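K.L.:
Got a sequence here, can you build the structure:
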Amino acid sequence: MAQPERSRVYQNHHLDSTRWDQIALRPSDIVISTAYKAGTTLTQMIVGNLVFWGQPMPDVLLHASPWIEMRRRPIQEIRETLEAQTHRRFLKSHVGLDGIPYREDVSYLYVGRDPRDVFVSLWNHYSNHVPEFFAELNGLPGRVGEPFPPCPNDIHELWSSWITRGWFEWENDGYPYWSLLHHAQSWWEHRTLRNLLCVHYSDLLRDLEGEIRRIASFLAIERSDEAFAEITQACRFETAKKNAKRIVGDMRLSFRDGNQTFFHRGTNGRWKDILTSEDLTLYRKAMKRLPSDLAGWLENGAAGRESPERRGLEREGLLCRQRSST
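P.N.:
Have a look, this model is predicted:
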C-alpha cells in the first residue's frame with residue numbers, strides 16, 4: 001500500500017490545515033484524529049494519562065495537546081507550546097489523513113463512531129454555542145469561505161444538510177462543518193500501516209480498560225495493572241465531567257452552561273429516539289458511498305462485521321458492496 005499523501009487543503013471558518021506547516025514533528029509524536037464528536041477528548045485523556053502517569057499534567061489537557069488546525073488559537077502560540085514540551089507529545093487533529101503530514105516515525109490514532117451518534121452529539125455542541133463564539137470565529141483574520149452559520153432551530157433541518165451536503169467540493173456530508181465520512185475513509189484506507197491504530201468509541205464504552213491497554217501497547221507504553229485500573233477510572237465519563245476544568249479549561253466563552261455542555265452525556269443510541277424513517281433513508285444513501293467493512297465498523301466498532309443491522313442493510317442492497325483491499 002502506498003504511503004498517505006497530503007493532497008488536500010482544509011480551510012474554512014474553523015479550519016486551516018496549512019498551520020501544520022509551522023509544526024516540526026518529532027519522532028515518537030502522537031497524532032489523535034477524529035472528524036469531531038467521536039471521542040477525541042477521551043482519547044487525549046487516555047494518552048495523557050499514559051504519558052504522564054505518576055506525575056501531574058503540566059497544563060490543561062486541551063492546551064497541552066492542542067488542536068493544530070483550529071484558527072481560534074494563534075499558531076505561533078501553539079508552536080511555542082509544543083517546542084517547549086520535553087515529554088512525548090500528543091497533538092489533536094480534526095482533518096483527514098489527506099490533510100496532515102504523514103511520517104513513519106509518528107504514531108497516529110484515528111477514532112471512529114456511528115455517524116448517527118456523532119450527529120446527536122454535534123447537535124448538542126452546535127445548538128449550544130453562545131453568540132460570541134460565532135462572532136469571534138467568523139471575525140478572525142484569514143477566514144476562507146463563508147462564515148459559520150447559526151444552528152437551525154430544527155434538528156431534522158440540520159440533519160438533512162449535514163448528511164447530504166459537504167462544505168468542501170470533495171465532500172458529500174458534514175455541512176456546515178466538514179465531512180465525517182470522507183474523514184473516516186481517508187484513515188480507513190491506510191489502517192494496515194504499522195503506525196496507525198483505529199479505535200472505536202463504542203469499544204471504549206464497552207471495554208475501556210481493554211482499549212486503554214490496546215492503545216498503550218500500540219504506543220509501546222508499559223504500565224502496571226494497578227496503573228491501568230487507575231487510568232481507567234480517571235478516564236470514565238463521570239470522572240471527566242467532575243474534573244472538566246482541568247481537562248478543557250473554561251468553556252463559558254463557547255457554550256451555554258460551559259463545561260457542563262461540553263461534557264454532555266457520552267452515550268450512544270440516542271439517535272433512535274430522534275431520527276425519523278425519512279432521516280434514516282438519507283443516512284442509508286450516504287453510507288452507500290463507503291466500503292461495506294468501513295460502514296459496518298463505523299456503526300458497531302469491533303462487532304461491525306457481525307452486526308445484524310449491517311447484515312440487514314446488505315440484504316436490502318443499502319450498503320456499498322465494495323471491499324477495501326488489505
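
K.L.:
Residue 150: what secondary structure?
P.N.:
coil (DSSP: H, G, I helix; E, B strand; the rest coil).

K.L.:
pretty sure it contacts residue 134?
P.N.:
Yes. With contact defined as C-beta atoms under 8 Å, residue 150 reaches residue 134; the gap is 6.4 Å. C-betas here are computed from N, CA, C, even on glycine.

K.L.:
who has more neighbours, these two?
P.N.:
Comparing residue 150 with residue 134 by other C-beta atoms under 10 Å, the one with more neighbours is residue 134, at 16 against 12.

K.L.:
That one - that's part of a strand, no?
P.N.:
No. Under three-state DSSP, residue 134 sits outside any strand and is assigned helix.

K.L.:
give me the low-pLDDT residue ranges for the stretch 1-150 of the chain?
P.N.:
Confidence mapping of the stretch 1-150 of the chain against pLDDT under 70 gives the ranges 1.

K.L.:
what are the ranges of the strands in it?
P.N.:
In the stretch 1-150 of the chain, strands defined by DSSP state E, counting those that start in this stretch lie at 30-33, 90-93, 107-112, listed in chain order.

K.L.:
so can I have JSON lines of those strands showing mean neighbour count?
P.N.:
Compiled in JSON lines, those are given as follows (neighbours: other C-beta atoms under 10 Å):
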{"stretch": "strand 30-33", "mean neighbour count": "24"}
{"stretch": "strand 90-93", "mean neighbour count": "23"}
{"stretch": "strand 107-112", "mean neighbour count": "24"}
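
K.L.:
out of the ones you listed, nearest to residue 210?
P.N.:
strand 107-112 (15.4 Å; C-beta to C-beta).

K.L.:
That closest one packs against which elements?
P.N.:
strand 30-33, helix 40-52, helix 180-188, strand 196-200, helix 208-218 (3 or more C-beta pairs under 8 Å, 6 or more residues apart in numbering; DSSP states H and E).

K.L.:
mind putting those in CSV, distance to residue 16 included?
P.N.:
Conversion of the helices and strands packed on strand 107-112 to CSV gives the following (distance: least, C-beta to C-beta, whole Å):
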stretch, distance to residue 16
strand 30-33, 16
helix 40-52, 18
helix 180-188, 16
strand 196-200, 24
helix 208-218, 28
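
K.L.:
Residue 13: which of these is closest?
P.N.:
Using C-beta to C-beta, the nearest of those to residue 13 is helix 180-188, at 16.9 Å.

K.L.:
Remind me what the closest one packs against, helices and strands.
P.N.:
Counting by 3+ C-beta pairs under 8 Å, 6+ apart, the packing neighbours recorded for helix 180-188 are strand 107-112, helix 115-127, strand 196-200, helix 292-300.

K.L.:
and if we set it to 6 Å?
P.N.:
For helix 180-188, there is no helix or strand it packs on, judged by 3 or more C-beta pairs under 6 Å, 6 or more residues apart in numbering; DSSP states H and E.

K.L.:
Would you mind checking the average pLDDT for that helix?
P.N.:
Here helix 180-188 scores 98 as its mean pLDDT.

K.L.:
hmm, who's touching that helix?
P.N.:
By C-beta atoms under 6 Å, 6 or more residues apart in numbering, the surrounding residues in contact with helix 180-188 are 35, 96-98, 110, 112, 115, 118, 171, 173-174, 294.

K.L.:
quick one, what contacts the spatially most central residue of the chain?
P.N.:
Residue closest to the mean C-alpha point of the chain, counted by C-alpha atoms, centre = their mean, is residue 34 at 2.1 Å. Neighbour list for residue 34: 40, 111 [criterion: C-beta under 6 Å, 6+ apart].

K.L.:
if we go to 10 Å?
P.N.:
40-43, 92-94, 109-113, 118, 180, 183-184, 187, 199, 201 (C-beta atoms under 10 Å, 6 or more residues apart in numbering).

K.L.:
Distance check, it against residue 96.
P.N.:
Using C-beta to C-beta, to the nearest Å, residue 34 is found at 11 Å from residue 96.
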